[in-house]
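K.L.:
Task: produce atomic coordinates for the following.
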Amino acid sequence: MLEADKVFAGSVPANYDRYMVPLIFEPYAADLARRVAELSPGAVLETAAGSGVVTRALAPMLSPDVRYVVTDLNRPMLDYAASRQPPDSRIEWRQADALALPFDDAVFDLVCCQFGVMFFPDRVAGFREARRVLKPGGHYLFSVWDRIEDNVFADDVTKALAAIFPHDPPRFLARTPHGYHDIAQVRRELELAGFSRMTMETRAEQSRASAARLPAAAYCLGTPLRDEIEARAPGRLETITDQVAAVVADRHGPAAVAAKIQAHIIAAVA
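P.N.:
Residues are numbered from 1 along each chain as shown. A predicted model of the protein is given here:
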């Protein structure tokens, strides 16, 4: 992963929430929120919360006396997430590095993270931190995307950009969001962090949009892929996005589109 892969600033948080969240994140957020709520935790830590899609799904499902700490390394994303959440005295918003959490040992019943661990520069360190702040028997729930070939729109966009920039194709999507899909590797790294009990489920969903341009806009405008495009073609971001949209439309049609997305859901016990 490149350092630039972690930069979600400027207009990216709003575009991420506008395009990416309904396209690929909402169904998994609802599923993760249900799994968390079923465990009835009294103290929850969410890491790499992004624009707050899990927070919005989970908060209404938690008990009135729960402690819910929502964190992200990226201040613009955290501020955006807080702006989207109704006032809630149970929620504490805190900028924090998942690899160096500013919390005491054994203070949370559950730690959750949706599609964030792929961005950790040292995943074992991140897993160790999650285990450290969990109470004995506490749960760590997180998700990672499966390989890019099983996530059709992301693959379409990556291939379209490779055709536009054949000598230097933007590879953010394959490199980082879809770069940690080997569940054997995930298991090994959890074990290195001290987790011994874990379950892993591969879950397919449908990514849906009302028009073919929406997947293109989601990935090209709402992720660090935007910076890769602008570095290669200054001033041509919208034109490139239109070219990518044309490729998506050629494959799926110009109107309402749907395609497979797939992720791994991991649950580990401290």
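K.L.:
residues touching residue 123, list them.
P.N.:
By C-beta atoms under 8 Å, 6 or more residues apart in numbering, the contact set of residue 123 is 117, 180, 189. Placement of C-beta: from N, CA and C, glycine included.
K.L.:
Could you report the distance from it to residue 53?
P.N.:
Using C-beta to C-beta, to the nearest Å, we find residue 123 at a distance of 22 Å from residue 53.
K.L.:
Also residue 205?
P.N.:
Between residue 205 and residue 53 the computed distance is 14 Å (C-beta to C-beta).
K.L.:
cool, residue 176 as well?
P.N.:
With distances taken as C-beta to C-beta, residue 176 is found 18 Å from residue 53.
K.L.:
ok, those two, which is more surrounded?
P.N.:
The residue with more neighbours, out of residue 176 and residue 53, is residue 53; 25 against 20, by other C-beta atoms under 10 Å.
K.L.:
Find the nearest non-adjacent residue to the more buried one, please.
P.N.:
In this structure, residue 53 finds its nearest non-sequential neighbour in residue 29, 4.4 Å apart by C-beta to C-beta, 6 or more residues apart in numbering.
K.L.:
The one you found: which element?
P.N.:
Using DSSP states H and E, residue 29 sits within helix 26-38.
K.L.:
That helix: how far from the chain's middle?
P.N.:
How far helix 26-38 lies from its chain's middle: 13 Å, per C-alpha atoms, centre = their mean, to the nearest Å.
K.L.:
Also stretch 77-96?
P.N.:
Chain-centre distance of stretch 77-96: 17 Å, with C-alpha atoms, centre = their mean.
K.L.:
same check, this time on stretch 39-56
P.N.:
Computed by C-alpha atoms, centre = their mean, the chain-centroid distance of stretch 39-56 equals 12 Å.
K.L.:
What strand or helix carries residue 58?
P.N.:
Going by DSSP H and E, residue 58 is part of helix 53-58.
K.L.:
Check what contacts that helix and list those residues.
P.N.:
By C-beta under 8 Å, 6+ apart, the list of residues contacting helix 53-58 from outside reads 17, 21, 25-26, 29-30, 32-33, 36-37, 44, 46, 49, 68, 70, 81, 84-85, 91, 112, 114.
K.L.:
hang on, residue 219 packs against residue 170?
P.N.:
No. Under the criterion of C-beta atoms under 8 Å, residue 219 is not in contact with residue 170, lying 9.8 Å apart.
K.L.:
anything in contact with each of those two?
P.N.:
residue 225.
K.L.:
Counting neighbours, go ahead and name the busier of those two.
P.N.:
residue 219 (30 against 24).
K.L.:
Backbone dihedrals for the more buried one, please?
P.N.:
Taking degrees, to the nearest 10, you get phi -80, psi -40 for the backbone angles of residue 219.
K.L.:
next one: residue 40
P.N.:
Dihedral pair for residue 40: phi 50, psi 50, per degrees, to the nearest 10.
K.L.:
I figured it hits residue 63, correct?
P.N.:
Yes. Counting by C-beta under 8 Å, residue 40 touches residue 63, with 7.1 Å between them.
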